[in-house]
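# Please find the sequence and the predicted model below.
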Amino acid sequence: MAVDENAEQEYVPEKKKEPSDEEKRKMKIVPGTLKKALMRPGGGELRPTDGDQVIYHCTIRTLDGVVVQSTRTEYGGKGTPIRNVLGKSKMILGLLEGIPTMLKGEVAMFKMKPQLHYGEDDCPLSTPDDFPKEDELHFEIEMIDFSKAKVISEDMGVIKKVIHDGQGWECPREPYEVKVWFTAKTGCGKSIISHTVGEPYFFTFGKSEVPKGLEMGIGTMPRGEKAVIYVSSQYLTQSPLMPVIDGYEEVQFEVELVHFIQVRDMLGDGRLIKRRIHDGKGEFPMDCPLHDSLLRVHYKGMLLNEDKRVFYDTRVDNDGQPLEFSSGEGLVPEGFEMCVRLMLPGEIALVTCPPDYAYDKFPRPANIPEGAHIQWEIELLGFEMPKDWTGLDFKSIMDDAEKTRNTGNRLFKEGKFVLAKAKYEKVLREFNHVNPQDDDEGKVFLDTRNLLHLNVAACYLKLGECRKSIETCNKVLDANPAHVKGLYRRGMAYMAAGDFEDARGDFTMMMKVDKSAEPDATAALLRLKQKEQDVERKARKQFKGLFDKKPGEIADAKAEDGGDQTVSEKQENGEQEDLDETSSEESHEAAPDAGRVGWFSLFWPTGRRLFSGLGLQRCTIL
């Protein structure tokens, strides 16, 4: 008889899930160890669950009625109720099981065996030495309140209860400027501070101007939220708000976040600061011009000195017309563009900028002294995103790609290699979604993509990243080992990296695959030979006679050699500039005439111009 293998599979019992530590603790609860007696009924139908903050008074008595411990003042306590978060706070086993059975306002008596309170093995809470933890005890619990809570510090030192939800998702953080209404009281209800009239309390986040715990809580609040922030003593650090904090085990802050101003330290060193002084429209950062876009802004530039002299104002000096420029093209100072990219339409921001991100690396107007710190007041009127290639035909896509490549070529010739590389790489990313439809389109697409890769390699070489330049050239040569321009560019990168044999191999291969490339290859080999000789001469000079000198003379010999080495390196760098300029001419075609506009006149214009070649739809400025 045939055996049905499916029917006679060997039975494998399911592996039992290991119980959690909490479940193991609850296994200690057996009949008779925990009893509850209702003393006063509560109200409603809801009972606390995991994640809820519970606030309750607790009085512990022996079975003959002697009070052992209490939170109530009439029994020697401080009047401050206990706060726990179910599932997170350390609690005795009897209350962990009993409190979830209670309603708000209820008073109940729990009779517990020692193993369910402080007599439990490995009890998470400690007691004084004279505490009768081996005795059966009564726990009188009054459930004051419970609600959902946000645990802000892992040690439960800062907890937040939301009273009224706010708007949006952004919350204050360093170094934002914050305005709040608030009151502060002790755990027993004694008022400490009240700031609910006049102007909202103002402070700068991260400057220790409010207690640490309060700041931590406010850091989780969106604009308009109202909440109670419970702060334990270890987080009540001294501050201008509360200079004296001794004697407070806990302070409850009822806070309403009225407003906050977004302040951004753009460089992380406090030098380039963007301060939002008027909110824009949309959600940050999704609705910001993070990608290269056509931007329209009004701005006023001031010297950051005592009189804050205004040196340019588009509303005055530009006949009221805004400045339009394409981001990612080096048309405005770096600090200016960095901040505009993080603005929402309609936003007004005040930017404080150091000279190296303002005009020390950008054409400087005559009325701005060298090394001046600048303040710009910028309003982003709007922006237009780059053209979406979806639905375009192949020719339109390639025309748009060519415009971006020409912009990259112009940036390359201006020495802005990082920006140029970003333009080339942007097109290469978009090319991942382009599918040529025939052989002719495929050839145009492949040639353009190879050219872009080689332009990226040229940028890496100019930036001194020879290995990345070689890796980028390999993206072309792996598919076509006989690509002459790829061999030439990789050979130049090998030579800059000191891999002379690999460089010689690429230059020699050029002549084998294309006779017309022989003049370029011969010139490159000659330069390679000169560089090898320079390296050999430098090494020979560096070690010449070094081991014939006495120990005390070696340091002087090294110092002398170091000076010669610097001169040699300068010569090599100059030679490399010539080599890269020669190679760049092959793959960096000249940008159109419109791309040769003086960038100084774009940012501080003196006449009306139309910058159509730059992708600027309109630049009507004086």
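Noted; the coordinates are in hand.
# just checking, S293 touches K387?
No - using C-beta atoms under 8 Å, S293 is not in contact with K387, being 10.9 Å away. From N, CA and C alone the C-beta is placed, and that goes for glycine too.
# Who has more neighbours out of those two?
Ranked by neighbour count (other C-beta atoms under 10 Å), S293 and K387 place S293 first, with 20 against 13.
# Nearest residue to the middle of the chain?
A centroid search over the chain (C-alpha atoms, centre = their mean) returns M266, at 10.5 Å, as the residue closest to the centre.
# in the stretch 1-150 of the chain, which spans are strands?
Counting by DSSP state E, counting those that start in this stretch, the segments of the stretch 1-150 of the chain that form strands are 34-40, 52-62, 67-70, 82-85, 107-112, 137-148, 150-151.
# how far out from the middle of the chain is the first one?
In other words, strand 34-40. Once both centres are worked out by C-alpha atoms, centre = their mean, to the nearest Å, strand 34-40 turns out to sit 53 Å from its chain's centre.
# Nearest spatial neighbour of T314, chain-adjacent residues omitted?
The shortest distance from T314 to any residue other than its chain neighbours is 4.9 Å, reached at H298 (C-beta to C-beta, 6 or more residues apart in numbering).
# Specify the local secondary structure of the one you found.
Of the three states, H298 takes strand under DSSP: H, G, I helix; E, B strand; the rest coil.
# where's it relative to A349, distance?
In this structure, H298 lies at 12 Å from A349, with C-beta to C-beta, to the nearest Å as the measure.
# Now the common contact residues for those two.
Where contact means C-beta atoms under 8 Å, 6 or more residues apart in numbering, the residues bridging H298 and A349 through contact with each are I378.
# who has more neighbours, these two?
A349 (26 against 18).
# Now for the more buried one: which residues touch it?
Neighbour list for A349: 274-277, 339, 343, 377-378, 380 [criterion: C-beta under 8 Å, 6+ apart].
# Mind checking which of those are in strands?
274-277, 377-378, 380 (DSSP state E).
# Farthest-apart pair in the residues you listed, please.
R275 and L380 (14.2 Å; C-beta to C-beta).
# neighbour count winner among the two?
Between R275 and L380, L380 has the larger neighbour count (other C-beta under 10 Å), namely 25 against 18.
# That one contacts G280, doesn't it?
Yes - in this structure, L380 is within contact of G280 by C-beta under 8 Å, at 6.7 Å.
# Return every residue with contacts to both of those two.
343-347.
# and of those residues, the nearest to V30?
For those, the closest approach to V30 (C-beta to C-beta) belongs to L344, at 61.9 Å.
# what's the least confident helix or strand in the protein, going by average pLDDT?
Taking mean pLDDT, DSSP states H and E as the measure, the helix or strand of the chain with the lowest value is helix 551-587, at a mean of 42.
# I'd like to know how far A539 sits from E532.
From A539 across to E532, the span is 11 Å (C-beta to C-beta).
# all helices in the chain, in order from the N-terminus.
Remark: helices of the chain, listed N- to C-terminal, are 21-26, 93-98, 212-218, 314-317, 334-340, 394-413, 417-431, 439-462, 466-477, 484-497, 500-513, 518-543, 551-587, 599-603; assignment by DSSP state H.
# Could you provide those in JSON lines, with additional columns for mean neighbour count and distance to A37?
Compiled in JSON lines, the helices of the chain are given as follows (neighbours: other C-beta atoms under 10 Å; distance: least, C-beta to C-beta, whole Å):
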{"stretch": "helix 21-26", "mean neighbour count": "12", "distance to A37": "21"}
{"stretch": "helix 93-98", "mean neighbour count": "22", "distance to A37": "11"}
{"stretch": "helix 212-218", "mean neighbour count": "24", "distance to A37": "38"}
{"stretch": "helix 314-317", "mean neighbour count": "16", "distance to A37": "78"}
{"stretch": "helix 334-340", "mean neighbour count": "22", "distance to A37": "66"}
{"stretch": "helix 394-413", "mean neighbour count": "20", "distance to A37": "79"}
{"stretch": "helix 417-431", "mean neighbour count": "19", "distance to A37": "71"}
{"stretch": "helix 439-462", "mean neighbour count": "20", "distance to A37": "79"}
{"stretch": "helix 466-477", "mean neighbour count": "20", "distance to A37": "76"}
{"stretch": "helix 484-497", "mean neighbour count": "25", "distance to A37": "84"}
{"stretch": "helix 500-513", "mean neighbour count": "18", "distance to A37": "88"}
{"stretch": "helix 518-543", "mean neighbour count": "15", "distance to A37": "93"}
{"stretch": "helix 551-587", "mean neighbour count": "13", "distance to A37": "89"}
{"stretch": "helix 599-603", "mean neighbour count": "17", "distance to A37": "81"}
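# Now render those helices as a markdown table, adding distance to M286.
Rendered in a markdown table, the data for the helices of the chain read as follows (distance: least, C-beta to C-beta, whole Å):
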| stretch | distance to M286 |
| --- | --- |
| helix 21-26 | 40 |
| helix 93-98 | 43 |
| helix 212-218 | 24 |
| helix 314-317 | 27 |
| helix 334-340 | 16 |
| helix 394-413 | 24 |
| helix 417-431 | 20 |
| helix 439-462 | 29 |
| helix 466-477 | 32 |
| helix 484-497 | 39 |
| helix 500-513 | 46 |
| helix 518-543 | 49 |
| helix 551-587 | 37 |
| helix 599-603 | 28 |
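# and of the ones you listed, who's closest to L116?
Comparing the helices of the chain under C-beta to C-beta, the one sitting nearest is helix 93-98, at 3.9 Å.
# Just the CA atoms of the closest one, as CSV, please.
Once side chains and other backbone atoms are set aside, the C-alpha atoms of helix 93-98 remain, and they are given as CSV (Å, rounded to 0.1, in the frame of the first residue of the first chain):
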residue,chain,number,x,y,z
LEU,A,93,3.5,42.9,43.1
GLY,A,94,0.3,43.3,45.0
LEU,A,95,-0.3,46.9,43.7
LEU,A,96,0.8,45.9,40.2
GLU,A,97,-2.1,43.4,40.3
GLY,A,98,-4.6,45.4,42.4
